[in-house]
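A.B. asks: Pasted the sequence and its predicted model underneath.
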Amino acid sequence: MGMPVKIRDNYKSLSGAEKSAIIFLALGEERGSRLMEKLDEDEIRMVSRAMAGLGNVTSNLVESLLRTFTERFANVGSVVGSYDTTERMLARFLPNDRVAEIMGEIRGPAGRTMWEKMSNVNEGVLAAYLSGEYPQTAAVILSRMRSEHAAKVLPMLPPNLRLEVIERMIQIESVQREVLLDIESILHNEFMANYARTHGSDTHERMAEIFNRIDRETLGEIFGDLEPVMPESMQRIKQLMFTFEDLLRLDRVSLQAVIRRCDTGQLAIALKGAELQQRDHFLSVLSERARMILQDEIENMGPVRMRDVHDAQAEIVQIAKGMADAGSIVIPQTGDADAVVY
């Protein structure tokens, strides 16, 4: 006998995420998916979880929700939420030190993905946190981190827990996507926020975000001036930056997944101004038909400004970063030990 289907007909019982999920579903797959793309990764996960557990929603409830939504936002223009817009809004009514504290809590320690951030957490702090977690959870976290950092954390765990965690790490084959998303959500909402509050934010990560938005010529001058003076800091910032060139380190399947998410015209512009090695590498992972179509678009394209090329490449980088944060692809760590040679 199957489980009874959940019927949703009470507006007041809906959470914010559930209301958003209903609106996306009411818009239909095509329009709803286009709007959903505008959300950040954490918001997409929250709405997706709510959507999957909605059950049947009555037409009266949908109508009531949409009426409330349109009445509330009828006179509001488009809005974009990001670290920068959040920081600017906070600066309107909070002192600078408080803004820095809140943004530090949101960003957490340095890293391009949750697992890179965990690899930058002090090993003693991380060991203390994992000591209070289930052995299976600790095993998943340690197995996803950089091996050299996991090697520092393991000896600090209590002996009995350490043995059980190691056994589970050995037995881990694959972890369901839903489990990884749940663990990442807990780490983001609980551990990382508390860690940032007590240890402060990483200025290297902040500078990496800024440098990612600076044109290459100017960036080259900046690094040329600062590397002789601050070699360690500049190296750290370079490791945290993620550029179009870093996409060459993706494995074949991951790069194909990124390309599928890209607009063909956008990809053509990005490759039009790319170095020959980069262009050939992208084309090499495509099927013969897709490669011919893309090559034809690149060749028949007129002159393109380098600014447009850099913008297109930056958009593709953001797509890759979003997929990495969602666990769809894995971006190899920076450094000789983790480099991929083609």
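C.D. replies: Now that the structure is in, tell me what you want to look at. Fair warning: this is a prediction, and the values are worked out from it, not measured in the lab.

A.B. asks: Just the pLDDT for residue 86.
C.D. replies: The model reports residue 86 with a pLDDT of 68.

A.B. asks: Which stretches in the stretch 1-150 of the chain count as helices?
C.D. replies: Using DSSP state H, counting those that start in this stretch, the helices assigned to the stretch 1-150 of the chain run over residues 16-27, 29-36, 41-52, 59-73, 83-90, 96-107, 114-118, 123-130, 135-144, 147-153.

A.B. asks: deepest of those, which one?
C.D. replies: helix 114-118 (a mean of 23; mean count of other C-beta atoms under 10 Å). No exception for glycine: its C-beta is placed from N, CA and C like everyone else's.

A.B. asks: quick one: that one to chain centroid distance?
C.D. replies: 11 Å (C-alpha atoms, centre = their mean, to the nearest Å).

A.B. asks: picking up where we left off before, using JSON lines, lay out the helices of the stretch 1-150 of the chain together with distance to residue 226.
C.D. replies: Output for those, formatted as JSON lines (distance: least, C-beta to C-beta, whole Å):
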{"stretch": "helix 16-27", "distance to residue 226": "43"}
{"stretch": "helix 29-36", "distance to residue 226": "40"}
{"stretch": "helix 41-52", "distance to residue 226": "31"}
{"stretch": "helix 59-73", "distance to residue 226": "45"}
{"stretch": "helix 83-90", "distance to residue 226": "23"}
{"stretch": "helix 96-107", "distance to residue 226": "22"}
{"stretch": "helix 114-118", "distance to residue 226": "23"}
{"stretch": "helix 123-130", "distance to residue 226": "29"}
{"stretch": "helix 135-144", "distance to residue 226": "32"}
{"stretch": "helix 147-153", "distance to residue 226": "26"}
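
A.B. asks: what bits of the stretch 201-342 of the chain have low per-residue confidence?
C.D. replies: 201-203, 205-206, 213, 240, 325, 332-342 (pLDDT under 70).

A.B. asks: try it again with 80
C.D. replies: 201-217, 236-243, 307, 321-322, 324-342 (pLDDT under 80).

A.B. asks: Can you show me the helices along it?
C.D. replies: 203-211, 216-226, 231-240, 252-261, 264-272, 276-284, 288-300, 306-325.

A.B. asks: quick revisit: quick one: which of the helices of the stretch 1-150 of the chain is nearest residue 299?
C.D. replies: Nearest of the helices of the stretch 1-150 of the chain to residue 299, taken as C-beta to C-beta: helix 29-36 at 30.0 Å.

A.B. asks: For the closest one, give the mean pLDDT please.
C.D. replies: Helix 29-36 comes out at a mean pLDDT of 80.

A.B. asks: Worst mean pLDDT among the helices of the stretch 1-150 of the chain?
C.D. replies: Among the helices of the stretch 1-150 of the chain, helix 96-107 scores lowest, with a mean of 63.
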